[in-house]
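J.: predicted model, plus sequence, below.
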Amino acid sequence: MNGRILRIVSAFSLSTVLTAIALFGGSPLTVSSLLLLDVVVTTVRMILERLAAGCRLDTSPATGGVRPLEPLYEKVSGKHGRFRLHTRLPPVYPRNIPYAIELWSVLLLLGIPTGLFWGVGGAPVGSLGVTVLVAAPIVVARQYLLVWAQMADGTYEAATPRTIRGVREFVYLAAVAALGAPLVGASGTAGLLIANVLVFTAPKLLFDIRDAGLGPWPLRLDQTADGGQGGDTDTLVTSPLETGDGKQQFCTDWQTVRRIGLSNGVSYSLLSVFIVTTVVGGVGLFSFESLQTTLVVAAVTAVVTTLATTAVVTAIHWLGEVNEQYRVYDDCVVAYDTFLEEPQWRVSADEITRVSRGDTRPGLQISTILDTMPYSEYPVVIERGEDDPIEVEKLSDPEGFADAVRELGRRPVDTSIEARTRE
């Protein structure tokens, strides 16, 4: 089955399923539940597609007004390489994580009308039937059909994180959840349900057609769209020295990375919980008309937000730092990521002007929670003349690495082809 057929099936399947359920006596609760399921799965799929975009974007990711996100972005924004979550899914690039996180403010603000409309409209009428067990897998499978088609067509490799899925796609999904689902859920009769489904599926079908890359309004996937130039996925020029094991290897202390990741996760969660619970609590007062219900919802939201924020921040630290290995050769130092299996940067011996220990501790950007960093974990600073210095943090043996790099600058360098071949 070729990619175009998969796109057509993906575009028309949701509208077909919802219309069939309405025509054959399905309940408003069944239709609205499937609609919300599609919105959630589509959102997850579009975020995954941002992570899978193969071209580098020159413009910086947005922080949504939260400047403490910048040091978190820096953990992964310069990473080279990719990995697969599953063999049937496209590879994801750690450097694209900031372009997924930058959507937090959009998703949060767009959730306000969704909560208001659902609170005013009340719970959908009817009950869930066996139809849901059959229709739900179809709703989920149509998302995978689209991913499969775009993998086959090479769509992800040709796109940047912002051109593969722009903000307006997420805005439209929020409008669907806020307006379409309550409209369908409030249908009191079978005839009204059919009419509301038909009214809703018309604009939703147009979105699905565009989302699938069909019709007169396909997605723009050129690399120069949205204010940034697309580049190659990785531009490092590898050589035997960059891919060999090196004469000396220095690893990151994973316990330090874990501690700082968890500490930063708690710190960032304080900020995210304050923002999210404020919005949810305000919307809840209008929607639930009960202070007790609002407090319960806000408390549950705070717990979920804390766990999610801590998990995401810890994962970013893990991807950005825990697998980095620093290899010292006869004429250069190479940072190599053992998980991504890609060199991250290279500094030749003639570039190094000075090696010292930094006076700033890595880690916490928001608060000083669990801040117990000893001197042994201060960074090693490699100065490169007029170029920006490189700070190597969280090493298991920082003094040994500093001595090895200093020795590198003093030893005679053998740059012959034979010497490189021996590595």
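T.: Thanks, I have it. Predicted model, so just to flag it, every value in this text is computed and none were measured. Residues are numbered from 1 along each chain as shown.
J.: now the strands for the stretch 151-300 of the chain?
T.: All strands of the stretch 151-300 of the chain, identified by DSSP state E, counting those that start in this stretch, fall at 230-231, 248-251.
J.: ok, of those strands, where does mean pLDDT dip lowest?
T.: Lowest mean pLDDT within the strands of the stretch 151-300 of the chain: strand 230-231, at a mean of 46.
J.: so where's the stretch 151-300 of the chain uncertain?
T.: 181, 185-186, 216-246, 286-289 (pLDDT under 70).
J.: which residue ranges of it form helices?
T.: In the stretch 151-300 of the chain, the helices defined using DSSP state H, counting those that start in this stretch lie at 161-164, 167-175, 181-185, 190-211, 240-243, 254-287, 291-317.
J.: out of those helices, deepest packed?
T.: Mean neighbour count (mean count of other CB atoms under 10 Å) peaks for helix 161-164 among these, with a mean of 25. Where you see a C-beta, it was placed from the backbone N, CA and C, and this is true even at glycine.
J.: assign residue 326 to helix, strand or coil.
T.: Assigned with DSSP: H, G, I helix; E, B strand; the rest coil, residue 326 falls in the strand class.
J.: for residue 299, see how far away the residue found closest to it once you drop the neighbours it is linked to in the chain is.
T.: Closest residue in space to residue 326, ignoring its immediate chain neighbours: residue 250 at 4.5 Å, by CB to CB, 6 or more residues apart in numbering. Per CB to CB, to the nearest Å, residue 250 is found 45 Å from residue 299.
J.: and residue 62, what helix or strand is that in?
T.: If you go by DSSP states H and E, residue 62 is not part of any helix or strand.
J.: wait, I meant residue 136
T.: helix 131-153.
J.: next up, the contacts around the spatially closest residue to residue 169 that is not a sequence neighbour.
T.: Distances taken as CB to CB, 6+ apart place residue 46 nearest to residue 169, at 6.0 Å, with adjacent residues excluded. Residue 46 makes contacts with 165, 169, 170, 173, as judged by CB atoms under 8 Å, 6 or more residues apart in numbering.
J.: try it again with 7 Å
T.: Listed by CB atoms under 7 Å, 6 or more residues apart in numbering, the contact set of residue 46 reads 165, 169, 170.
J.: what of residue 404?
T.: Taking CB under 7 Å, 6+ apart, one finds 248, 328 in contact with residue 404.
J.: now do 10 Å
T.: Neighbour list for residue 404: 246, 247, 248, 249, 250, 326, 327, 328, 333, 355, 380, 397 [criterion: CB atoms under 10 Å, 6 or more residues apart in numbering].
J.: what segments of the stretch 301-423 of the chain are helices?
T.: 398-410, 417-422.
J.: and the ones you listed, which one is worst for confidence?
T.: helix 417-422 (a mean of 41).
J.: now residue 43. Nearest residue, chain neighbours left out?
T.: That would be residue 173: by CB to CB, 6+ apart, it lies 6.0 Å from residue 43.
J.: shouldn't the one you found be in contact with residue 39?
T.: Yes. Here residue 173 reaches residue 39: they are 5.4 Å apart, a contact under CB atoms under 10 Å.
J.: residues in contact with residue 183?
T.: Residues in contact with residue 183 (CB under 10 Å, 6+ apart) are 28, 32, 35, 117, 121, 192, 196, 197, 199, 200.
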